[in-house]
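Visitor: Coordinates for the following, if possible.
(one chain, ligands or ions: 1)
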Amino acid sequence: MLKETAVEVIDLTKSFRGKIALKQVSFTVESGEMVALVGASGSGKSTLLRHLNGLERGESGVVNVLGFPLQSEGKFHSKIRQLRSNIGCIFQQFNLVKRLTVLENVLVGNLGQISLARSAIRYFTKAEKIQALSALERVGILEQAYKRASMLSGGQQQRVAIARCLVQGARIILADEPIASLDPESARKVMELLGELNQENGITVITSLHQVQMVQRYFPRAVALKNGEILFDGATVDLDQNQLNKLYGTAAKELVLSGHGELV
Ligand SMILES: Nc1ncnc2c1ncn2[C@@H]1O[C@H](COP(=O)(O)OP(=O)(O)OP(=O)(O)O)[C@@H](O)[C@H]1O
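Guide: Numbers count the residues shown, from 1 in each chain. Okay, here's the model as predicted:
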């Protein structure tokens, strides 16, 4: 069966104040793939993710999402808003509105689909609330629904962000270091949840990660950046010590062998 292309990036180039951040980056992610973006700090992972959902505009090159143009040669497409409604985003921090309840935070995942007036008074239909509660159940924190978001642990907050992607109906989830500030057990749960959504719901997942062991455990494919260029794109099993040395330099061996698996 021919697979639909979720994300297609062609020759994407971006610089900040004359310093290159992405240099002619090209890669394709098919629908249903689970891909890790790896590379040392400053290699361009966040910048690349931000181009995939239109938070950042390239200088040249093309980003197509689900077969439609999102940006091309430095211009956003006029239908970018509709296209972005298919993309759920999870960040390392600042995912939630802390003063709102968990349930309200999930419901605002629906904002693209409801009127501004209704969102302003935070009015949601019963059906929308049931959908949001069911998403919270799916991510395993239904009992937290009426707590303020600020009361949750970091891992629980990331699960709320994932529930919000579900309510939004996201077909693609972009996650920028979603486990960077979590303890190992919470990190494992968040990664397993993303894996389940990928396997069971067919959601395409593209995640930037520092933790090499997590990449090897959960992601069949890795795309590795160095100084804004793709240095490796292939099966994670082929991301061997030699490749890691190229990506991370002398820090690679020591950190992987010592069991930390976290490369900064
Ligand atoms: N808004 C910005 N203004 C100026 N420079 C930026 C901006 N965003 C990113 N950069 C630069 O672009 C390069 C790539 O940064 P980016 O944050 O994408 O790397 P990263 O691989 O995600 O790093 P980390 O793992 O530390 O998050 C870096 O040199 C960074 O300083």
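Visitor: Please make it C-alpha for all contacts and neighbour counts, starting now.
Guide: Will do.
Visitor: could I have the helix or strand hosting residue 156 exported to CSV, CA atoms only?
Guide: Following DSSP states H and E, one finds residue 156 within helix 154-168. Provided in CSV are the C-alpha atoms of helix 154-168 (Å, rounded to 0.1, in the frame of the first residue of the first chain):
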residue,chain,number,x,y,z
GLY,A,154,6.0,17.5,35.0
GLY,A,155,5.2,14.0,33.6
GLN,A,156,1.4,14.5,34.2
GLN,A,157,1.6,17.9,32.5
GLN,A,158,3.2,16.3,29.4
ARG,A,159,0.4,13.8,29.3
VAL,A,160,-2.2,16.6,29.4
ALA,A,161,-0.4,18.1,26.4
ILE,A,162,-0.6,14.8,24.6
ALA,A,163,-4.4,14.6,25.5
ARG,A,164,-4.7,18.0,23.9
CYS,A,165,-3.2,16.7,20.7
LEU,A,166,-5.8,13.9,20.7
VAL,A,167,-8.7,16.3,21.2
GLN,A,168,-7.3,18.5,18.5
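Visitor: Would you mind checking the average pLDDT for the very next helix or strand once past that helix?
Guide: The helix or strand immediately downstream of helix 154-168 is strand 172-176, counting by DSSP H and E. Strand 172-176 shows a mean pLDDT of 96.
Visitor: cool, stretch 135-149 as well?
Guide: Per-residue pLDDT over stretch 135-149 has a mean of 94.
Visitor: try stretch 237-252
Guide: 81.
Visitor: and for it, what are the contacting residues?
Guide: Here stretch 237-252 makes contact (CA atoms under 8 Å, 6 or more residues apart in numbering) with 39-40, 216, 220, 222, 224-226, 231-232, 253, 263.
Visitor: Near the ligand, list only the ones from those residues.
Guide: residue 40 (CA under 6 Å from any ligand atom).
Visitor: Emit the ChimeraX select command for whichever of the contacts of stretch 237-252 are buried.
Guide: A single ChimeraX command is used to select the members of these judged buried by 16 or more other CA atoms under 10 Å:
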select :39,40,216,222,224,225,226,232,263
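Visitor: Make a markdown table out of the contacts of stretch 237-252 and add secondary structure.
Guide: Converted to a markdown table, these look like this (DSSP: H, G, I helix; E, B strand; the rest coil):
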| residue | secondary structure |
| --- | --- |
| 39 | coil |
| 40 | coil |
| 216 | helix |
| 220 | coil |
| 222 | strand |
| 224 | strand |
| 225 | strand |
| 226 | strand |
| 231 | strand |
| 232 | strand |
| 253 | helix |
| 263 | coil |
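Visitor: Just the closest of the contacts of stretch 237-252 to residue 210, please.
Guide: residue 263 (5.3 Å; CA to CA).
Visitor: what does the stretch 51-200 of the chain put close to the ligand?
Guide: Counting by CA under 6 Å from any ligand atom, no residue of the stretch 51-200 of the chain lies close to the ligand.
Visitor: need the strands for the stretch 51-200 of the chain, in chain order.
Guide: Here the stretch 51-200 of the chain has its strands, by DSSP state E, counting those that start in this stretch, at 60-65, 68-72, 75-76, 87-90, 172-176.
Visitor: for the stretch 151-264 of the chain, which spans come out with low pLDDT?
Guide: 250-264 (pLDDT under 70).
Visitor: Kind regards, and thank you for your time.
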